[in-house]
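Chemist: with the input below, show me the fold.
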Amino acid sequence: MSEPTEMASSFSSIRDIVFSIGEMVGVLGVGVGLGVVSMLKKKNISLKWRAKKETTQLQIHSKVHELLTEMRVLMRCSRAIIFQFHNGGKFADGSSIKRFSVTHESCAGGIPSMLLESQDVLLTRYMELVDILDKRTNEIIRVSSLPDCSLRSILEINNVVYFSVSSLKCQDSLTPMGFVCCHWCDMDDMDKLHEEGIADSNLQDVIDSTTRSINNHLFHAQK
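Modeler: Numbering: from 1, shown residues only. Here you go, the predicted structure:
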């Protein structure tokens, strides 16, 4: 074979190799490109889902606050508050430290908020509260009727003369989620309700109905 023919054959082989490499790079590039596009689509879907979920939760919590405010106005109470239970670490024996915190609050004009002072509160400091939630839920209680205890002290510090607590339950209807609390800081407000013929039983019905509605909305917020 002559030298020009050998060179032509050599160039042809090199060209075939280059074309093959080019095809492989092209296929790889298409694969990477499709992978990147797929990843971006998934990320975009994830971001949209997260944004939608956050919007839904915001709407739910806005509705909860609206219900709380409506109840406060109807009941003519000074504060309407939602406390939720949570864990706050562990004791040395490994058992959970039970705490509760304010998550929603509606206050009448001129009534100071309890939001900041009522975070990560130890439940063991207020065992009287547990007993009331168990036996006197929805009942309107005069603070001065309580025995000397931490619960009475904190209520008196915040100028509360009457209060009520209503249990919130998790979806199993057994596990405590928290409670709704109403405070009356002016004796006259309760007296006026009674003068208008509004009995405590009527007020308890409003508390019970609103608490159940709030409970249902909080279920959806946790999903």
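
Chemist: switch to C-alpha atoms for all contacts and neighbour counts from now on
Modeler: Fine.

Chemist: in the protein, where is pLDDT below threshold?
Modeler: Low-confidence regions of the chain, defined by pLDDT under 70, span residues 1-55, 222-223.

Chemist: strands of that one, start to end?
Modeler: Remark: strands assigned in the chain by DSSP state E are 79-90, 96-107, 121-122, 141-142, 162-169, 176-184.

Chemist: go through those and name the closest to residue 217.
Modeler: Among the strands of the chain, the nearest to residue 217 by CA to CA is strand 162-169 (11.1 Å).

Chemist: the closest one pairs with which strands, and in what direction?
Modeler: The sheet places strand 162-169 alongside strand 141-142 (antiparallel), strand 176-184 (antiparallel), with pairing taken from DSSP bridges.

Chemist: got the contact list for it?
Modeler: Contact with strand 162-169 is made by 132-133, 137-143, 175-185, 187, 207-208, 211-212, 215, as judged by CA atoms under 8 Å, 6 or more residues apart in numbering.

Chemist: redo that, cut-off 6 Å
Modeler: Around strand 162-169, the neighbours that count as contacts under CA atoms under 6 Å, 6 or more residues apart in numbering are 137-143, 175-184, 215.

Chemist: for residue 77, find the nearest of the strands paired with strand 162-169.
Modeler: Minimum separation from residue 77 across these (CA to CA) falls at strand 176-184, 4.7 Å.

Chemist: hmm, back to that, present the strands of the chain as a markdown table; the columns should include distance to residue 202.
Modeler: Formatted as a markdown table, the strands of the chain follow (distance: least, CA to CA, whole Å):
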| stretch | distance to residue 202 |
| --- | --- |
| strand 79-90 | 17 |
| strand 96-107 | 21 |
| strand 121-122 | 31 |
| strand 141-142 | 15 |
| strand 162-169 | 13 |
| strand 176-184 | 15 |
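
Chemist: mind putting those into TSV with mean neighbour count and distance to residue 71?
Modeler: Formatted as TSV, the strands of the chain follow (neighbours: other CA atoms under 10 Å; distance: least, CA to CA, whole Å):
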stretch	mean neighbour count	distance to residue 71
strand 79-90	20	8
strand 96-107	18	9
strand 121-122	18	25
strand 141-142	16	17
strand 162-169	23	12
strand 176-184	22	9
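
Chemist: quick check: which of the ones you listed is nearest to residue 128?
Modeler: Proximity to residue 128 (CA to CA) singles out strand 162-169 among the strands of the chain, at 11.8 Å.

Chemist: gap between the closest one and the chain center?
Modeler: Put simply, strand 162-169 sits 18 Å off its chain's centre (CA atoms, centre = their mean, to the nearest Å).

Chemist: between that strand and strand 79-90, how many degrees?
Modeler: Relative orientation of strand 162-169 and strand 79-90, computed by axes from the mean of the first three to the mean of the last three CA atoms, to 10 degrees: 50 degrees.

Chemist: output strand 162-169 as CSV, nothing but the C-alphas.
Modeler: Provided in CSV are the C-alpha atoms of strand 162-169 (Å, rounded to 0.1, in the frame of the first residue of the first chain):
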residue,chain,number,x,y,z
TYR,A,162,-62.6,35.3,86.7
PHE,A,163,-61.2,32.7,84.3
SER,A,164,-62.2,29.6,82.4
VAL,A,165,-60.1,26.9,80.7
SER,A,166,-61.2,24.5,78.0
SER,A,167,-59.3,21.4,76.8
LEU,A,168,-57.9,21.0,73.3
LYS,A,169,-57.3,17.4,72.3
